[in-house]
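S.K.: Everything below, folded, please.
(chains A and B)
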Amino acid sequence: DVKVTQSSRYLVKRTGEKVFLECVQDMDHENMFWYRQDPGLGLRLIYFSYDVKMKEKGDIPEGYSVSREKKERFSLILESASTNQTSMYLCASREGNSPLHFGNGTRLTVT
Amino acid sequence: GQQVMQIPQYQHVQEGEDFTTYCNSSTTLSNIQWYKQRPGGHPVFLIQLVKSGEVKKQKRLTFQFGEAKKNSSLHITATQTTDVGTYFCAPRGGYSTLTFGKGTMLLVSP
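M.R.: Prediction:
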């Protein structure tokens, strides 16, 4: 079974802090994704990566950056956290057009 | 990404009633996937539809892809409390990306 692991289930950070959200998958998938989920807005794609050191902007990349130094790991970085980035963050991976496999999510609160 | 409208946003049914959620696009879709997210959980893949007019069944769940490949539906027959959750459609967008509809939240009362 594919396992996508997000390092934290809950995080509380202060405005202006630099925040790292980590995601690791164990199935050698080429593609990895970061989504945020907010009530009434569904899942919105922030960034994705289709290979090591490759990254592409999704629909809402502003205020975020990503890093993919190793195939299994995809990090989401909030350079200077703001309260409007309080959300549930979901990492996912897939191979080609196969289904997405999601991690359990990180609920981030920025105060 | 590919834009879709998912309706209804929310539905509350009595156990045993049927339920349908619709996913509509203004453009032709190459394929569409459906996911279910239980309360407090993460989205889990249910099915993928690729062909025009395709119908697939999983026990009480029936998935359809429209003839014009612009819409899709998920129908649950005789809902159970275990069906509670949010159902998302996800049409294929650009390179290997998936854009999700806003989802339909289903609540089932016993």
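
S.K.: Can you spell out which residues form a bridge with A:Cys91?
M.R.: For A:Cys91, the residues forming beta bridges with it (DSSP bridges) are A:Trp34.

S.K.: Give the full set of residues in contact with it.
M.R.: Under the criterion of Cβ atoms under 8 Å, 6 or more residues apart in numbering or on different chains, the neighbours of A:Cys91 are A:Val4, A:Gln6, A:Leu21, A:Cys23, A:Met32, A:Phe33, A:Trp34, A:Tyr35, A:Phe74, A:Leu76, A:Phe102, A:Gly103. (C-beta placed from N, C-alpha, C; glycine too.)

S.K.: hang on, the fourth one packs against A:Ile77?
M.R.: What that stands for is A:Cys23. No - the criterion here is Cβ atoms under 8 Å, and A:Cys23 misses it with A:Ile77 at 11.8 Å.

S.K.: Same drill for those two, tell me which one is more crowded.
M.R.: Neighbours were tallied for A:Cys23 and for A:Ile77 using other Cβ atoms under 10 Å in any protein chain shown; the higher tally belongs to A:Cys23 (26 against 14).

S.K.: so which strand or helix has the residue lying closest to B:Pro43 once chain neighbours are set aside?
M.R.: In space, B:Pro43 comes closest to B:Tyr35 once its chain neighbours are excluded; the distance is 4.0 Å by Cβ to Cβ, 6 or more residues apart in numbering or on different chains. Assigned by DSSP states H and E, B:Tyr35 falls within strand B:32-37.

S.K.: Tell me the strands beside that strand, with direction?
M.R.: According to DSSP bridges, strand B:32-37 forms sheet pairs with strand B:44-49 (antiparallel), strand B:85-91 (antiparallel).

S.K.: does stretch A:36-49 come close to chain B?
M.R.: Yes - interface with chain B: stretch A:36-49 contributes A:Gly40, A:Leu41, A:Gly42, A:Leu43, A:Arg44, A:Leu45, A:Phe48 (Cβ under 8 Å from any Cβ of the partner chain).

S.K.: ok, now stretch A:52-65?
M.R.: Yes - taking Cβ under 8 Å from any Cβ as the criterion, stretch A:52-65 and chain B are in contact, through A:Glu56, A:Gly58, A:Asp59.

S.K.: per-residue pLDDT, the residue nearest to B:Pro43?
M.R.: pLDDT for B:Tyr35: 96.

S.K.: and stretch B:25-40, how far apart are its ends?
M.R.: Counting by Cα to Cα, to the nearest Å, you get 28 Å between the two ends of stretch B:25-40.

S.K.: Now that stretch: buried residues?
M.R.: Residues of stretch B:25-40 classed as buried: B:Ser25, B:Leu29, B:Asn31, B:Ile32, B:Gln33, B:Trp34, B:Tyr35, B:Lys36, B:Gln37 (neighbour count, 16 or more other Cβ atoms under 10 Å in any protein chain shown).

S.K.: Excluding chain neighbours, what is closest to residue 65?
M.R.: Just so you know, I chose chain A. According to Cβ to Cβ, 6+ apart, the nearest residue to A:Ser65 is A:Ile77 (4.7 Å).

S.K.: Not quite, go with chain B.
M.R.: Per Cβ to Cβ, 6+ apart, closest to B:Phe65 is B:Leu49, 3.8 Å.

S.K.: wait, the one you found sits on B:Ile32?
M.R.: Yes - counting by Cβ under 8 Å, a contact exists between B:Leu49 and B:Ile32, whose distance comes to 5.2 Å.
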